[in-house]
Each structure stands twice: as C-alpha cells, then as structure tokens.
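> Predicted model and sequence follow; I will ask about them next.
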Amino acid sequence: MSSKETNRSRSLFRVITTDIHFWIPLSVLLGGLVLLDKLR
Amino acid sequence: MNAPPVSAPADAPVARMSTTRLRSLQSLGIFCGFAAGAWLGCAEAPIKLVNSDISPITVSLIMVCGVFLARWSLPALIRGTSHVHGDIRQAPHLVVWAVLAGCMWAVANTLTIYAIRDVGLSIAFPLWNTNSLLGIVWGFLLFNELHYAGWKRWLGVVGGALCMFGGAALLAVASSHQAAPGKAAFGVLAALGAGILWGTMYIPYRKAYLTGMNPLSFITFFTVGELATMTVLAVGYRGLGPLSRELANARPVLFWLMLGGFVWVLGDLFQQYATKYVGISRGIPLSNTNQLWGLLWGILVFHELRGAGHTVYAQVAGGSLLMALGAVAIALSSATEDEHNSWRDAADREGRRYGIQEEYVRAGMEGREFAARASGRTITDWLLILGSSGLFVALATMAKLPRMNISVGWASVVGAAMLFLLGVCGLALWRTTRFR
C-alpha cells in the first residue's frame, strides 16, 4: 500500500471514529450482543 | 432520467431540485415503502413450508445464505457491479457503515427468535415494531427529518406510526392465539432489544443515502456483515460439528429457506429505496405493513385461523384497519420543500465531513446519474448471476414439498398481486431514477 493510500485510510478511520453517529449504532450493537449472551 | 455527467465547480450556484421532481421522488419512495411491506411479508411464505426439526438459529443462517446470494446477484443483474465500484470510490467510508448495519440486522434477527420462544409472537411482534418510532426519533435528531414539516405532517407521521403500532399489536394477538408464553421478562427484553437494533440500524441506511450512495451498492456490503455475524452466532451457539450435521440433514428444505431469503431481499431493496427517497421516519412505518401481508398469506393460503372464534376475526379486522389507516396517514404526509431543504443541509454536512464531491451527493438525492459509466455487465457480473441461478436450480432439484394443506388458488392470487407490485414499482424506479 502506498503512503498516500495509508494516509487516506488513517484519515478515513479518524473521521469515522470521531463521528458521534458511528458510536450510536456501535453501542447498540454491543448492547444487543450482551443481551443475546444473557439470553443463551 | 439519465442525466449526462456534470461536475459543478465548488463555487457554482446550487440549483434547487424542481418541485415536480421532488414530488415525483416522494411518491416513488412511498410506493416503494408499500411494495417493501408486500415482499417482506411474503418472505415468510416459503419458510412456512419448512416443517422439520432444524433449530431457529440454523434456519436463520440458511436464510441469510440466500440473502447473501441475492444481494450480490441482483445488483449485478440490475446495474452491474461496476456501479458498486464507482460508489465505493466516491464514498469508501460507507463500506464500514454498511457492514455495521448488517451486523446489527443479524443480532436483531437472532433476538427475535428468543423473543418468540419466550413470550410468543403476540407480545414480541408489536414490541419490535417500535423500531418505527425509534426511527422517527433518529431521523429527527440526526438527519433533520420532519424539520419545518408543520403540525399536520407531524400528526400524520407520528400519529400514523402509533396507529400502526396499535394495529400491529391487535394483529399479533390474533395471529398467535395459541402461542404459549414462557420466560416473560427475558422475552420482552429480547423483543425490545430487536426493536432498538432495527430502529438504530437505519442510521447507517440514512447516512448512506443522504451522501449519495446507491441502495444496490449499500446492500452488497451490508450482507457481508450480516453473513459474517450470523455465521459466528450459529457456530458459537450450535458448535461446528452439530451445525454441519444439521445443515447436511436440512438438504430437502434448503431451497425453501434460501428462497425465503431471496424474496426477503426484494422487499428489503424496496425498503432501501423508500428510506432513500422519503427518509427513515416515513420509510420504516410503511415497510412495517409487512405484517398485514404475512397475515394475508397465513389466513388465505395456509388456513392459519381456521376454526378461530369471532373475537379473533374482529381483532384481525380491527388491526388491519388500524395498520392501513396509519400507513395512509404517513403516505399523505410526504416531505414539503422546506423539509427537503433541511435534509439537504444534513446531506451537505455529511458531504463536508467525509470529503465527498458535492455533485455526487446532490445527484444521489435527486435520483440521477452522477457520471457517465460504461453500462452493461462484466464477466464477473454474469458469473455472479449464473452461479446464483445455478445454485438455486440445484437446490430446487433436491427440495421436497411437504404435505401441507395449501390453497393454491389463493397463493396464485396473492402471488400475482405481489408480482404486479414488483413490476409496477420496479418500472417506476427505472423510469424515474434508473435504479439510482
């Protein structure tokens, strides 16, 4: 992977992880997995 | 509309979408919502033909395999996978969102299995149908939906969704009067959890469509998350050995289950277009009319309520009427130009954040082509289409139709109505947006 592509991936990662919208579904997904584990 | 490639300079004045175009897209989105309800409801029909001892998790996994095949072969057939590559080049971050949404779907679907086991369909179904109410909240808070909509539209959307929730509750009670309740608290939690997951899953959907992604591209990555999560859950819950044995024994019913998944994808595709053109606050409740269609198949084709008392039939009539009224109220509350402008603000915000070309975002919102691409299908597309079709044909030769009392006449009538909806809505999508 070229350094330009690496920088782009890093930048994309940073933009996604600093987006509050990303953490809402992710938290709900983790909560769902915990609930599923309790129900087993 | 098949617009030529346009690349507006950054400082060019932004042309507003014409009122006629806006109305046409809104009507298309609402039509897609109703078609989604019909096809999502029909997806239960092939599964009803499966009368074996396969565990629900394995049933779910097999269905998701059918879903996976459909989600890759249908986009290849409709537009070709070169369009998928083009979308990913424009908005690569949406791959992450699509996979995340797919993971959420798989967990929610597994939770519904536990919910039905513990509290029965009558309590579980209305609880997970709360996803539409949560969708309205997310749409309003995160994507400017229902902003500047006026009290009449608020009343139409929120009142309609509540009306549908009441109707869903009545229908669920009527259609599962024999279900035995189990561990109530866990079941209620599972159903509510599924509703929250499904309601929140629309955040990635809306995010993708506001920033111009084509639903046909989104679903190809959505299904990667879906299949991966479902496989992990199935292996984790059943164990690799027992799961393999169960899959091998399920050979005669693999076709029906995967067909259910395929039908489900057609409904989901319409749901994606509904979400794209009318937003999540209207798209989700309209798709939830699937319960009405499921009931129609159950009563007319599979004779499910035969011998039931007057109370049950009264519940079915009342529930159906409430659901239909709620859906009509939402359908009549399409977004105004002011509200649509506030959607555009949300789209601009997303475009700036992720560095997406303004014209790409705008073209996506207006349902037109962003840039001229080589049309036609590649060898990969044809391999996907032929491979999936071949697999379905092979499974069909192994399939066995269980002895069941099915009304073939009614199945033909309801099936014809579904195909009519598929044809008309597909044609409307093609003529208005070329499946953009």
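Arrived safely, thanks for sending. If you're wondering where the values come from, they're calculated on a predicted model, not measured in any experiment.
> which residues does the nearest residue to B:K276 once chain neighbours are set aside contact?
Nearest in space to B:K276, with sequence neighbours left out and distances taken as C-beta to C-beta, 6 or more residues apart in numbering or on different chains, is B:Y209 at 3.8 Å. Just so you know, the C-beta spots here come from the backbone N, C-alpha and C atoms, and that holds for glycine as well. Residues near B:Y209 by C-beta atoms under 8 Å, 6 or more residues apart in numbering or on different chains: B:215, B:218, B:272, B:275-276, B:364.
> One more: A:L39?
B:111, B:114, B:186, B:189-190.
> Let's see the one helix or strand B:S320 maps to as CSV, backbone CA atoms only.
Following DSSP states H and E, one finds B:S320 within helix B:310-331. C-alpha atoms of helix B:310-331 as CSV (Å, rounded to 0.1, in the frame of the first residue of the first chain):
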residue,chain,number,x,y,z
HIS,B,310,-65.4,-14.2,16.3
THR,B,311,-63.1,-12.3,18.7
VAL,B,312,-60.0,-13.4,16.7
TYR,B,313,-61.6,-12.3,13.4
ALA,B,314,-62.6,-9.0,15.0
GLN,B,315,-59.1,-8.4,16.1
VAL,B,316,-57.8,-9.2,12.6
ALA,B,317,-60.2,-6.8,11.0
GLY,B,318,-59.6,-4.0,13.6
GLY,B,319,-55.8,-4.5,13.5
SER,B,320,-55.7,-4.5,9.7
LEU,B,321,-57.9,-1.4,9.5
LEU,B,322,-55.7,0.5,12.0
MET,B,323,-52.5,-0.5,10.2
ALA,B,324,-53.9,0.6,6.8
LEU,B,325,-55.1,3.9,8.3
GLY,B,326,-51.7,4.6,9.8
ALA,B,327,-50.0,3.8,6.5
VAL,B,328,-52.3,6.1,4.6
ALA,B,329,-51.7,8.9,7.1
ILE,B,330,-48.0,8.5,6.6
ALA,B,331,-48.3,8.3,2.8
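> Identify each buried residue in it, please.
B:315-316, B:319-320, B:322-323, B:325-327, B:329-331 (16 or more other C-beta atoms under 10 Å in any protein chain shown).
> helices or strands next to that helix in the packing?
On a contact count with 3 or more C-beta pairs under 8 Å, 6 or more residues apart in numbering or on different chains; DSSP states H and E, helix B:310-331 meets helix B:19-42, helix B:160-175, helix B:280-287, helix B:290-296.
> repeat that with 7 Å
helix B:160-175, helix B:280-287, helix B:290-296 (3 or more C-beta pairs under 7 Å, 6 or more residues apart in numbering or on different chains; DSSP states H and E).
> So which residues make contact with it?
By C-beta atoms under 7 Å, 6 or more residues apart in numbering or on different chains, the list of residues contacting helix B:310-331 from outside reads B:30, B:156-157, B:159-161, B:163-164, B:166-168, B:170-171, B:173-174, B:177, B:282, B:285-286, B:289, B:291-292, B:295, B:305.
> Spell out which parts of the stretch 1-150 of chain B neighbour chain A.
Applying C-beta under 7 Å from any C-beta of the partner chain, we find that the stretch 1-150 of chain B lies next to chain A at B:92-93, B:96, B:100, B:103-104, B:107-108, B:110-111, B:114, B:142.
> which of these count as buried?
Using 16+ other C-beta under 10 Å, the buried ones in the residues of the stretch 1-150 of chain B next to chain A are B:93, B:96, B:100, B:103-104, B:107-108, B:110-111, B:114, B:142.
> May I ask which two of those are separated the most?
The distance between the two most remote of these (C-beta to C-beta) is 33.0 Å, for B:H93 and B:Y114.
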